[in-house]
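S.K.: All I have is the shape, not the residue letters:
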DNA sequence: GACCAATTGAACTAGCCGGTACATTTATCA
DNA sequence: TGATAAATGTACCGGCTAGTTCAATTGGTC
């Protein structure tokens, strides 16, 4: 179904080649993602991206128009990823406290496992989310995580377990803040405090503190 | 004592001018800060910075060596700012719970009031803290916030108010995460959720939730 | 197998951008 | 006041960088 990705090694340098739009597109996106994540939008070089693909710079412009178009396409794949993660959450059957803990843990884990997403979001924030705004695709991908949170929260309030009067969105943002920080600020925290937040031990500690903070904030 | 900052307007375009090393340096740093904060390291243009100063590009290289040297100098002023803030904290006389709440609030407020610092830290993380590492100046500016946190925490544990066994650094990082997020992720959150985290009302909510989360996590 | 649209390649370019050469003016101080 | 060092201005450059031109090849269609 999906055509095989063309690796850099097997570059088709002969006079003859086989058409493979899907593969070329995917190959460019993969390389571009690595470059944008590593160097940011302005820091990434189209020539470098092209050199690392199995194809040429010409194809980047053919498929993505310009550098920002390519960046936007990468951004879109990232947001598709987290939306898909959010949809996969199935916490309706768990009791409120367990569900909320599980939500926090899953969110935490997602960010740890997807540093590229985290870095891309950082880059995008440096640019005031200009490309996020410009993407019709991402606009259509509305987040379901707030509704998930609302459901759990309201069940908890009804059961007398959580204190009432809070905004589900704020709860969501708190979880997000505690999850993303470990990855996004790994470098500066590592340098300033001589502490790597991403070792397995550090992550385990930070994970349980995240759950404790979220539940502690909700408990009445 | 400090010479007046030369504004862009009163550029000295005459054949004669007065020397003002301090002023020129400061003027360049101010302009550079705005540009780096707005565009990042690779996004900022030395020509643009020069054009917005009262002096010329020549002086940037005279005083700061190269673009990265200028960036590093800006970064250093930022870290001097937060270290100074940390030293100004005087929470030893407050009871543990109040002191911890006050620490969280003050940290929260500092980030809200210093978005330039927050953005600079973001940019620096995109670059894997390369320039932070390179700065001897910042290395000498060790953070006192962990010791402040440790003091409060240990008093709280001794008083039977906080649960024992936690790392002061982790508590610090939790406060930091919850404080910085509102500013650093304002753009993407604003776009994705249609929610501006930096309105006075939103900040008030997020501020009290931050305190609640931190205390909730510590309470035994 | 001839035609056409989609896809790909190689070489090229205009302008930007970090950095510099060189000359000149201002302050310091003996 | 003259010599020296520090500070500043003007003009310039070489390489990089996003984007393009022009042409060729491929695959499907009738």
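M.R.: That came in fine, so what should we check first? As the structure is a prediction and not an experimental result, all values here were calculated from the model.
S.K.: could you point out which element follows the least confident helix or strand in chain A by mean pLDDT?
M.R.: When each helix and strand of chain A is scored by mean pLDDT, DSSP states H and E, helix A:136-140 comes last, with a mean of 89. Toward the C-terminus, helix A:136-140 is succeeded by helix A:145-158 as the next helix or strand (DSSP states H and E).
S.K.: buried ones in that next one?
M.R.: Under the neighbour-count criterion of 16 or more other C-beta atoms under 10 Å in any protein chain shown, helix A:145-158 has A:145, A:146, A:148, A:149, A:152, A:153, A:155, A:156, A:157 buried. Glycine gets a C-beta too; all of them are placed from N, C-alpha and C.
S.K.: Any figure for the gap between the residue nearest to the first one when sequence neighbours are not counted and residue A:185?
M.R.: For residue A:145, ignoring the flanking residues on the chain, the nearest one in space by C-beta to C-beta, 6 or more residues apart in numbering or on different chains is residue A:86 at 4.6 Å. Residue A:86 sits 23 Å away from residue A:185, taking C-beta to C-beta, to the nearest Å as the criterion.
S.K.: Between these two, which is the more surrounded one?
M.R.: residue A:185 (24 against 19; other C-beta atoms under 10 Å in any protein chain shown).
S.K.: Leaving out the residues flanking it, which one is nearest to that one?
M.R.: Closest residue to residue A:185 apart from its sequence neighbours, by C-beta to C-beta, 6+ apart: residue B:125 at 5.7 Å.
S.K.: Neighbours of the one you found, how many?
M.R.: Neighbour count for residue B:125, taken as other C-beta under 10 Å: 24.
S.K.: what do you get for residue A:165?
M.R.: By other C-beta under 10 Å, 6 other residues sit near residue A:165.
S.K.: pretty sure it is in a helix, no?
M.R.: No: judged by DSSP: H, G, I helix; E, B strand; the rest coil, residue A:165 forms no part of a helix; its state is coil.
S.K.: Residue A:106 reaches residue A:89, doesn't it?
M.R.: Yes: assessed by C-beta atoms under 8 Å, residue A:106 is found in contact with residue A:89 at 6.3 Å.
S.K.: Now tell me what touches the host helix or strand of residue A:121 from outside.
M.R.: In the assignment (DSSP H and E), residue A:121 maps to helix A:115-126. With C-beta atoms under 8 Å, 6 or more residues apart in numbering or on different chains as the test, helix A:115-126 has contacts from A:33-34, A:36-37, A:40-41, A:74-75, A:78, A:81-82, A:111, A:130-132, A:180, A:183-184, B:40, B:43, B:119, B:122-123, B:125-126, B:184-188.
S.K.: how about whatever helix or strand residue A:49 lives in, does it get close to DNA strand D?
M.R.: Using DSSP H and E, the element containing residue A:49 is helix A:46-52. Yes: residues of helix A:46-52 are located near DNA strand D by C-beta under 7 Å from any atom of the strand, namely A:46, A:47.
S.K.: what ranges do the helices span in chain A?
M.R.: A:21-43, A:46-52, A:57-64, A:67-88, A:96-113, A:115-126, A:130-134, A:136-140, A:145-158, A:168-184, A:186-193, A:200-218 (DSSP state H).
S.K.: before we move on, the earlier item: let's have the buried residues of helix A:145-158 in JSON lines, adding pLDDT and distance to residue B:161.
M.R.: Listed next are these as JSON lines, based on pLDDT from 0 to 100; distance: C-beta to C-beta, whole Å:
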{"residue": "A:145", "pLDDT": "96", "distance to residue B:161": "34"}
{"residue": "A:146", "pLDDT": "96", "distance to residue B:161": "34"}
{"residue": "A:148", "pLDDT": "97", "distance to residue B:161": "33"}
{"residue": "A:149", "pLDDT": "98", "distance to residue B:161": "29"}
{"residue": "A:152", "pLDDT": "98", "distance to residue B:161": "29"}
{"residue": "A:153", "pLDDT": "98", "distance to residue B:161": "27"}
{"residue": "A:155", "pLDDT": "98", "distance to residue B:161": "30"}
{"residue": "A:156", "pLDDT": "98", "distance to residue B:161": "25"}
{"residue": "A:157", "pLDDT": "98", "distance to residue B:161": "27"}
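S.K.: Between these, which sits nearest DNA strand D?
M.R.: Each of those was checked against DNA strand D using C-beta to the nearest atom of the strand; the closest is residue A:145, at 33.6 Å.
S.K.: Tell me the spacing between that closest one and DNA strand C.
M.R.: Distance, residue A:145 to DNA strand C, using C-beta to the nearest atom of the strand, to the nearest Å: 35 Å.
S.K.: rewinding a little: for the buried residues of helix A:145-158, which one is nearest residue A:100?
M.R.: For the buried residues of helix A:145-158, the minimum distance to residue A:100 (C-beta to C-beta) is 5.2 Å, reached by residue A:152.
S.K.: count of neighbours near the residue nearest to residue A:85 when sequence neighbours are not counted?
M.R.: Closest residue to residue A:85 apart from its sequence neighbours, by C-beta to C-beta, 6+ apart: residue A:110 at 5.2 Å. Residue A:110 has 19 neighbours, counted by other C-beta under 10 Å.
S.K.: quick one, what contacts residue A:110?
M.R.: Applying C-beta under 8 Å, 6+ apart, we find residue A:110 in contact with A:82, A:85, A:179.
S.K.: next one: residue A:141
M.R.: Residue A:141 neighbours (C-beta under 8 Å, 6+ apart): A:79, A:80, A:83.
S.K.: how close does whatever residue of chain A ends up closest to chain B sit to residue A:23?
M.R.: At 2.1 Å from chain B, residue A:216 is the closest residue in chain A, using C-beta to the nearest C-beta. Counting by C-beta to C-beta, the gap between residue A:216 and residue A:23 amounts to 50 Å.
S.K.: got it, and residue A:208?
M.R.: Counting by C-beta to C-beta, the gap from residue A:208 to residue A:23 is 43 Å.
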